[in-house]
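Peer 1: Generate a structure from the sequence data that follows.
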Amino acid sequence: MGIIMAAHAIVSRKVLDYPIRILSDSRSVLQALQSYTLTSGLIYECHKALSEVCTTNIVTLQWIKGHSNSRGNDAADILARGGSELKVAGPEPILPLPYAWLRNMLRHNTKVKHQQYWTNLGTCRQAKEALPTINPGLSRRLRLLKRPQLRLLTGAITGHASLNKHLLTMRVTDSPLCRACMEAEETAAHVILECPGVAEYRAQYLGSPGPLPEVVGNIKGLLGFLEELGWQE
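Peer 2: Prediction:
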């Protein structure tokens, strides 16, 4: 629509015998205009408007990178965002919302609702300490692991592993104390971050670990640490 409006403006101003350069940050539109087959009514209208301008002028279409401090392109982005937020009013046909915009809005809204649900959830206390925010990148990396490795990390994140604190809750053992140091309850956070009895292995695989969410992000190091301890899911 931007290119169409530019072509109409050129015709209305009766510009003749002039080299004209139209900038666009949409590769898909420029590629569609180059195609020998037109499958979109809007692209056909754009092609026709440009053909009219080309009868009396030399027209060049040029791709420009978006958000690159181009005055015209940045102004167009501001107007586009403002237009997308307006309620639809007036006669049809109405310019449809771009698929990419709809997809990004769905992803954003889904992520926001997911985070709200996770934050307000009254259970999963230990898991929320390790993963206070939704992390799609970490989720993708975890899905690439083999099943035994994924079970191992899940036990570390949730605390549902062969830890005395968890085993006491399940009435499998009679003491929650850490077997390596006997100084604190044996929880995932204690073993991974604090226990002096496994400090050598912690330094070898995790270095100087930061908070639990940071350690969980170090999948390779955490797996090596847990496997060295013979940790079972």
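Peer 1: Could you point out the helix or strand that follows the longest helix that the chain contains?
Peer 2: Counting by DSSP state H, the longest helix found in the chain is helix 99-120. Following helix 99-120 in sequence order, the next helix or strand is helix 125-130 (DSSP states H and E).
Peer 1: all strands of this structure, in order?
Peer 2: With DSSP state E as the criterion, the chain has strands at 19-24, 58-63.
Peer 1: So which of those strands is nearest Ser175?
Peer 2: Smallest distance to Ser175 across the strands of the chain (CB to CB): 68.1 Å, for strand 58-63. C-beta: built from backbone N, CA, C; applies to glycine.
Peer 1: Please tell me how far Arg103 sits from Gly66.
Peer 2: 17 Å (CB to CB, to the nearest Å).
Peer 1: do the same with Lys111
Peer 2: Taking CB to CB, one finds Lys111 at 22 Å from Gly66.
Peer 1: Likewise for Ile43?
Peer 2: Distance, Ile43 to Gly66, by CB to CB: 20 Å.
Peer 1: For Leu206, give me its contacts.
Peer 2: Ile192, Val215, Asn218, Gly221, Leu222, Phe225 (CB atoms under 8 Å, 6 or more residues apart in numbering).
Peer 1: Give me the pLDDT value at it.
Peer 2: Looking at Leu206, its pLDDT reads 92.
Peer 1: Comparing Arg103 and Gly66, which shows the higher neighbour count?
Peer 2: Gly66 (13 against 10; other CB atoms under 10 Å).
Peer 1: neighbours of the closest residue to the more buried one other than its chain neighbours, just the number please.
Peer 2: Leaving out its chain neighbours, the residue that sits closest to Gly66 by CB to CB, 6 or more residues apart in numbering is Asp25, at 3.9 Å. If you count neighbours by other CB under 10 Å, Asp25 ends up with 17.
Peer 1: Check the one 3 residues further on too.
Peer 2: Around Ser28 there are 11 other residues, counting by other CB under 10 Å.
Peer 1: Show me the shaky parts of this protein.
Peer 2: Low-confidence segments of the chain, defined by pLDDT under 70, are located at 92-95, 232-233.
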